[in-house]
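Q: show me how the following folds:
(one chain, ligands or ions: 2)
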Amino acid sequence: MALYAIGDLHLSLTANKSMEVFGPAWEKYTSRIEDSLGRLTAADTLILAGDTSWGIDLSEAEADFRFLDRFPCRKLLIKGNHDYWWSTVSKMKAFFEERGFTTLDFLHNNCAFYGDYALCGTRGWFLEEDQKPHNAKVLNREVGRLETSLKAAEGCPILCFLHYPPLYQGYECPEILAVLEKYAVVQCCYGHLHGPAIRRRLEGMRGKTEFSLISADYLGFIPKKICE
Ligand SMILES: [Fe+2]
Ligand SMILES: [Fe+2]
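A: Ligands and ions are numbered 1, 2, ... in the order given. Take a look at the predicted model:
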């Protein structure tokens, strides 16, 4: 029994947006994901840290969810910037229930528990978002979602999963970092960085929190083991 995490599977079984066009790092990525998830068991928990499917809505993402649901581990999804299929949690859960998908759930304005740990998460914030209109409003909403999730931990040690990196060479999001510090988050894993951007990642300890990049191409499509 173990806890694993990976972001950015970018599955595209229906959407016809295969990531293989991005070169050797993504070659045969769906079968590589199949191999690595096939090694997890029903006792394992897997965090999927956003950009899970290219589907533009739930029906276009259905084949990707069916693919994921075949692996018996419990999966907790957070929202990435490319998860256009994302709807309200109640609609997404109803969709999974109708289709008979039993292993998929969400980290969104809530937390889940794994052993003594609370698992928290949200999409987060990154420099690309700074350039969009209404950025302050959206940033405040994301910080609020993160804090709602962290509060739900009720004093348990916290492992936090974000889609966007809260820090990067030449960038940091002080509002998100302050909330991680306030709740003494033990570990913060994030995705979103691909290809050449991976070189600019910042990992390791900062304050009391250990940061790690878990985007799928960085991990070679093998989920990172977080703890037993
Ligand atoms: Fe991504
Ligand atoms: Fe992303």
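Q: in the chain, what secondary structure element scores lowest on mean pLDDT?
A: helix 127-130 (a mean of 82; mean pLDDT, DSSP states H and E).
Q: anything in that helix near ligand 2?
A: No - using CB under 5 Å from the ion, helix 127-130 never reaches ligand 2; the gap is at least 8.9 Å. Bear in mind the C-beta positions are built from the backbone N, C-alpha and C, glycine included.
Q: which residues touch that helix?
A: N81, N135, V138, L139, Y164, Y168, Y171 (CB atoms under 8 Å, 6 or more residues apart in numbering).
Q: can you add distance to ligand 1 and secondary structure and give these back as TSV?
A: TSV is the format used below for these (distance: CB to the ion, whole Å; DSSP: H, G, I helix; E, B strand; the rest coil):
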residue	distance to ligand 1	secondary structure
N81	7	coil
N135	20	helix
V138	18	helix
L139	20	helix
Y164	10	coil
Y168	14	strand
Y171	17	strand
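Q: which of those residues are close to ligand 2?
A: Okay, of the contacts of helix 127-130 touching ligand 2 (CB under 5 Å from the ion), that's N81.
Q: by neighbours, which of the contacts of helix 127-130 wins?
A: Y164 (25 neighbours; other CB atoms under 10 Å).
Q: per-residue pLDDT, that one?
A: The model reports Y164 with a pLDDT of 97.
Q: quick one, what contacts it?
A: Counting by CB under 8 Å, 6+ apart, Y164 has contacts N81, R123, G124, W125, F126, E129, C173, Y190, H192.
Q: least confident of those?
A: Lowest pLDDT among the contacts of Y164: E129, 83.
Q: and that residue, how many neighbours?
A: That count, for E129 with other CB under 10 Å as the rule, works out to 17.
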